[in-house]
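>>> Got a predicted structure here, sequence first:
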Amino acid sequence: MMNKESKKNYIKEMKKNFESNDSVMIAQYQGLNIVELDELRKELRENGILFKITKNRITKLALKDSPVKDLEKYYIGPTATALSSDAITTAKILTKFAKTHDKLKIVAGFMDGKVLDQKEVAIIATLPSLDEARAKIVGILAAPAQKLVSILLAPGSKIANLARAKSLKK
């Protein structure tokens, strides 16, 4: 049981977390054991994602006057909140974990000022992460340069191959 002072501190801390993170994902975890929750927490923490088991009534107080106040209706039952600046990575980790642990249910999310339902969170989980997108862009930009080099080098290598073939015939 929380005393009045610890409730105030919890509300203040959660309000600060809601305001300082760009994305919020809400999941229900009923039926997961401590080992499974710790496994999920560890993976999220390694990616810079804060994962909190929340007290719904107090969390709803923290949501008031915050940018994510529209999420209030999703805090029902045993609820956990994942907060981060990268919604795609958060959605990927939670979705992957939910596939192997059917007790974890992603309820909703919040990204770019918009509330996301379960389907939208699942769609976001399929998007490439920022690092994956950067790698693809670099690959696309590097490909024309590699083709240009191979085209410029091709005539010289063909002449060299021809000369080598002629010398082997003699």
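Thanks, I have it.

>>> Wait, Leu94 touches Leu104, no?
Yes - contact criterion C-beta atoms under 8 Å: Leu94 and Leu104 qualify, at 7.2 Å. The C-beta positions use only the backbone N, C-alpha and C, and glycine is treated the same way.

>>> what about the two, which has more around it?
Leu94 (27 against 21; other C-beta atoms under 10 Å).

>>> mind checking which helix or strand the more buried one is in?
Remark: Leu94 resides in helix 87-100, with elements defined by DSSP states H and E.

>>> Give the buried residues for that helix.
87-95, 97-98 (16 or more other C-beta atoms under 10 Å).

>>> do stretch 13-32 as well
Within stretch 13-32, the residues scored as buried using 16+ other C-beta under 10 Å are 14-15, 17-18, 21, 23-29, 32.

>>> how far does it stretch from start to finish?
The first residue of stretch 13-32 is 25 Å away from its last residue (C-alpha to C-alpha, to the nearest Å).

>>> Could you give the average pLDDT over that stretch?
For stretch 13-32, the mean pLDDT works out to 92.

>>> what do you get for stretch 122-129?
pLDDT averaged over stretch 122-129 gives 86.

>>> quick one: buried residues of that stretch?
In stretch 122-129, counting by 16+ other C-beta under 10 Å, buried: 122, 124-125.

>>> now do stretch 73-85
Neighbour-count burial for stretch 73-85 [16+ other C-beta under 10 Å]: 74-75, 79-84.
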